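> okay, sequence plus prediction incoming.
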Amino acid sequence: MTTDRETPQARPGGRSRLQQRFGPRAGAVRTDAKASGFGRLVVVVYGVFSLSAGVRSLYQILTDFPAAPLPYLLSALAAAVYVVATVALARPGARWHRAATAAVLVELAGVLGVGLLSVLAPQLFPEQSVWSHFGAGYGYVPLVLPLVGLVWLWRSRPGRPRA
């Protein structure tokens, strides 16, 4: 007869009930360096940005869309790109690595393009978007984040020998 206070060593593989149910599968080894160590921090920052940009753009679109449709739609696009990047960065495998690289490159192009457009044609941006003025409203993190992401993706690319 087993009890709930059973020691982890008494269970198969020495794992507790929670570890068996929700932990990694026995024998599963993650060989993808993309979402480990520093990569986890990158994934968390992308997740926070996807949430903040998504909630902000949704609120702006629902409450005041006619005031500034372009910046609000660009913020929604930024949120979608951040979601794709977050998921792709967190998943293992070469395909997800390519998807993450593509999402981060789209993000970098968006930050640079929208940032430049918001400086050269400010009349198009009566309200701020996530990427306007190169992410100034977010402390320029939207400008730095894709650069950090691309460096991390390069260092953790599949087939690269680990240091």
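Here it is on my side, so go on. Residues are numbered from 1 along each chain as shown.

> contacts for stretch 63-83?
Outside stretch 63-83, the residues that touch it by Cβ atoms under 8 Å, 6 or more residues apart in numbering are 46-47, 49-50, 53-54, 56-58, 60-61, 103, 106-107, 110, 114, 124-132, 142. Using the backbone N, CA and C atoms, a C-beta is placed for each residue, glycine as well.

> tell me which of those fall in helices.
Using DSSP state H, the subset of the contacts of stretch 63-83 located in helices is 46-47, 49-50, 53-54, 56-58, 60-61, 103, 106-107, 110, 114, 142.

> how far away is G93 from Y72?
Applying Cβ to Cβ, to the nearest Å, the value for G93 to Y72 is 34 Å.

> which one's more surrounded, the two?
Taking other Cβ atoms under 10 Å, G93 and Y72 do not tie; Y72 has more neighbours (24 against 13).

> show me what contacts the residue lying closest to that one once chain neighbours are set aside?
Excluding the flanking residues, the one nearest Y72 by Cβ to Cβ, 6 or more residues apart in numbering is Q60, at 4.5 Å. Counting by Cβ under 8 Å, 6+ apart, Q60 touches 68, 72, 75, 127.

> which non-adjacent residue is nearest the third one?
I take that to be S75. Counting by Cβ to Cβ, 6+ apart, S57 is the residue found nearest to S75 once chain neighbours are left out, at 3.7 Å.

> buried ones in the host helix or strand of L77?
Applying DSSP states H and E as the criterion places L77 in helix 69-90. Burial within helix 69-90, assessed by neighbour count using 16 or more other Cβ atoms under 10 Å, is assigned to 70-72, 74-90.

> CA-only coordinates of it in PDB, if you can.
The C-alpha trace of helix 69-90 is given here as PDB (Å, rounded to 0.1, in the frame of the first residue of the first chain):
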ATOM      1  CA  PRO A  69      -5.300  53.200 -37.000                       C
ATOM      2  CA  LEU A  70      -1.800  52.700 -38.400                       C
ATOM      3  CA  PRO A  71       0.100  52.800 -35.100                       C
ATOM      4  CA  TYR A  72      -2.400  50.500 -33.500                       C
ATOM      5  CA  LEU A  73      -2.300  48.000 -36.300                       C
ATOM      6  CA  LEU A  74       1.500  48.100 -36.300                       C
ATOM      7  CA  SER A  75       1.400  47.400 -32.500                       C
ATOM      8  CA  ALA A  76      -0.800  44.400 -33.200                       C
ATOM      9  CA  LEU A  77       1.600  43.200 -35.800                       C
ATOM     10  CA  ALA A  78       4.500  43.600 -33.400                       C
ATOM     11  CA  ALA A  79       2.600  41.600 -30.800                       C
ATOM     12  CA  ALA A  80       2.000  38.800 -33.400                       C
ATOM     13  CA  VAL A  81       5.600  38.700 -34.300                       C
ATOM     14  CA  TYR A  82       6.600  38.600 -30.600                       C
ATOM     15  CA  VAL A  83       4.200  35.600 -30.100                       C
ATOM     16  CA  VAL A  84       5.700  33.700 -33.000                       C
ATOM     17  CA  ALA A  85       9.200  34.500 -31.800                       C
ATOM     18  CA  THR A  86       8.400  33.400 -28.300                       C
ATOM     19  CA  VAL A  87       7.000  30.100 -29.400                       C
ATOM     20  CA  ALA A  88       9.700  29.400 -31.900                       C
ATOM     21  CA  LEU A  89      12.500  30.300 -29.500                       C
ATOM     22  CA  ALA A  90      11.000  27.900 -26.800                       C
END
